[in-house]
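S.K.: model this:
(one chain, ligands or ions: 2)
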Amino acid sequence: MAKVGGARGIFARIKKWISGLNLRRNVGIDLGTVNTLVYVEGKGVVLKEPSVVAVDKTTDQIVAVGNEAQALIGRTPANLETIRPLRDGVISQYDVTLRMLQYCIRNACGHMLLPPRVMICVPSGVTEVEERAVVDAAREAGAGKVYLMEEPVAAALGAGVDIDAPVGRMIIDIGGGTTDIAVISMGGVVVSESVRIAGEKLDDAIARYVKREHGVLIGIQTAELIKQRIGALYTHKQVRSVEVRGRSAQTGLPQTVTLSSKEMLEAMAEPVSAILDVVCSVIERTPPELLGDILKYGIIMTGGGSMVNGFDKLICKVTGVPVRVAEDPVCCVAKGTGIALRNYKQLPEGTINLARARRDRL
Ligand SMILES: Nc1ncnc2c1ncn2[C@@H]1O[C@H](COP(=O)(O)OP(=O)(O)OP(=O)(O)O)[C@@H](O)[C@H]1O
Ligand SMILES: [Mg+2]
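M.R.: Numbers count the residues shown, from 1 in each chain. Ligands and ions are numbered 1, 2, ... in the order given. Modelled structure (predicted):
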């Protein structure tokens with residue numbers, strides 16, 4: 001018996017020594033509609049690529065992922081198809097998302113003795129079925145332990161907010177597919193709302209405007225370029241313009257059109273006012289004690305959509321609350337997922353929804 005006890009003791013010590021070696025990597029993934037980012041503890045953001053996969057339709061094989069696949073959009077021969085496997089922040093094509101996650105995890109971790117602990121963010125309004133799909137895909141893609149957290153909480157952490165402080169902080173994350181707005185205090189979400197209106201809806205609105213006002217049909221990529229080059233939601237002194245090519249809606253022939261930044265507020269008015277309505281509705285539902293904190297500390301904006309020129313100023317004008325765009329807004333969510341894994345080393349085995357677990361504890 002003494003011998004067995006001794007062997008057990010040695011085994012326990014070896015197990016402790018192995019776990020001390022930290023053979024399991026901590027990986028945070030921002031699985032976005034437009035971009036997928038991977039954060040590895042100790043290294044930072046190691047991968048930032050478009051959420052695009054190119055598939056050979058005849059063999060069903062994946063031929064390119066990320067930047068390589070993005071470069072193929074609109075240029076693929078008949079047998080190739082470029083797919084964006086996420087729609088409005090959630091998985092719309094499971095198998096393709098799985099392959100994209102495999103690519104991310106392999107690239108981020110290389111060969112490791114133990115599969116990584118992976119924290120993935122999901123929009124705050126997702127259903128349990130949508131959450132399950134993320135967890136299953138991550139597991140199949142090679143994650144050892146999978147955790148989920150809400151996108152605005154990750155965004156706040158990544159923007160440098162101390163989410164555990166007893167202070168109300170408001171975050172607006174405008175991505176490509178979803179806008180997540182949340183008021184956070186003591187590590188929990190007090191009020192939140194997620195709408196499936198974000199950067200891509202702004203692109204659609206610009207394309208519709210150019211057709212309506214200039215009679216020219218443009219592609220979504222051209223509309224995105226217009227948004228990024230001259231998109232402006234607040235009057236400013238320097239008027240910028242851009243010349244783009246499209247197809248005349250009347251003749252069907254190529255036509256060039258010059259657009260000015262002065263037109264952009266009108267072009268993007270519909271989706272922008274829908275986002276503003278949600279911001280106001282979250283503020284209206286915020287307890288008065290926390291509103292004082294929000295007025296003091298201001299609203300923080302993250303996500304690529306927050307980079308539309310003047311979005312912060314417009315929100316400030318409408319709400320009366322100071323607004324600032326976080327540093328490196330596209331990377332905040334990925335950084336936040338990584339920070340959450342570092343801060344919560346003692347998470348229970350298996351899948352947990354960090355946001356829900358914390359809410360239940362409060
Ligand atoms: N400089 C810029 N100006 C305006 N918009 C920008 C700029 N850079 C990126 N964007 C927009 O940001 C959006 C992508 O942002 P982000 O990477 O945060 O989205 P995502 O996380 O993939 O989406 P989601 O969180 O909705 O799933 C796109 O719509 C893109 O056009
Ligand atoms: Mg996002």
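S.K.: now residue 167. Nearest residue, chain neighbours left out?
M.R.: Leaving aside its sequence neighbours, residue 167 sits nearest to residue 293 (Cβ to Cβ, 6 or more residues apart in numbering; 4.8 Å). For every residue, glycine as well, the C-beta is placed using N, CA and C.
S.K.: care to break this structure down by domain?
M.R.: Domain segmentation of the chain under automatic domain parsing yields 24-154+333-361, 161-197+270-329, 199-268.
S.K.: end to end, how far does the second one reach?
M.R.: Across domain 161-197+270-329, the terminal residues are separated by 13 Å (Cα to Cα, to the nearest Å).
S.K.: all helices of this structure, in order?
M.R.: 2-20, 67-72, 94-109, 128-140, 151-158, 199-214, 220-230, 264-267, 269-284, 288-297, 311-319, 332-343, 354-361 (DSSP state H).
S.K.: most packed of these?
M.R.: Most buried of the helices of the chain, by mean neighbour count (mean count of other Cβ atoms under 10 Å): helix 151-158, with a mean of 31.
S.K.: is any part of that helix close to ligand 2?
M.R.: No - using Cβ under 5 Å from the ion, helix 151-158 never reaches ligand 2; the gap is at least 5.8 Å.
S.K.: re earlier: turn the helices of the chain into a markdown table, including mean pLDDT.
M.R.: Formatted as a markdown table, the helices of the chain follow (pLDDT from 0 to 100):
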| stretch | mean pLDDT |
| --- | --- |
| helix 2-20 | 69 |
| helix 67-72 | 90 |
| helix 94-109 | 90 |
| helix 128-140 | 91 |
| helix 151-158 | 93 |
| helix 199-214 | 98 |
| helix 220-230 | 96 |
| helix 264-267 | 96 |
| helix 269-284 | 98 |
| helix 288-297 | 95 |
| helix 311-319 | 97 |
| helix 332-343 | 90 |
| helix 354-361 | 53 |
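S.K.: what's the closest of those helices to residue 241?
M.R.: With Cβ to Cβ as the criterion, residue 241 lies closest to helix 220-230 of those, at 6.5 Å.
S.K.: packing partners for the closest one?
M.R.: On a contact count with 3 or more Cβ pairs under 8 Å, 6 or more residues apart in numbering; DSSP states H and E, helix 220-230 meets helix 199-214, strand 241-248, strand 254-260, helix 264-267.
S.K.: of all those, which one is nearest ligand 2?
M.R.: For these, proximity to ligand 2 was assessed by Cβ to the ion; helix 199-214 is nearest, at 9.5 Å.
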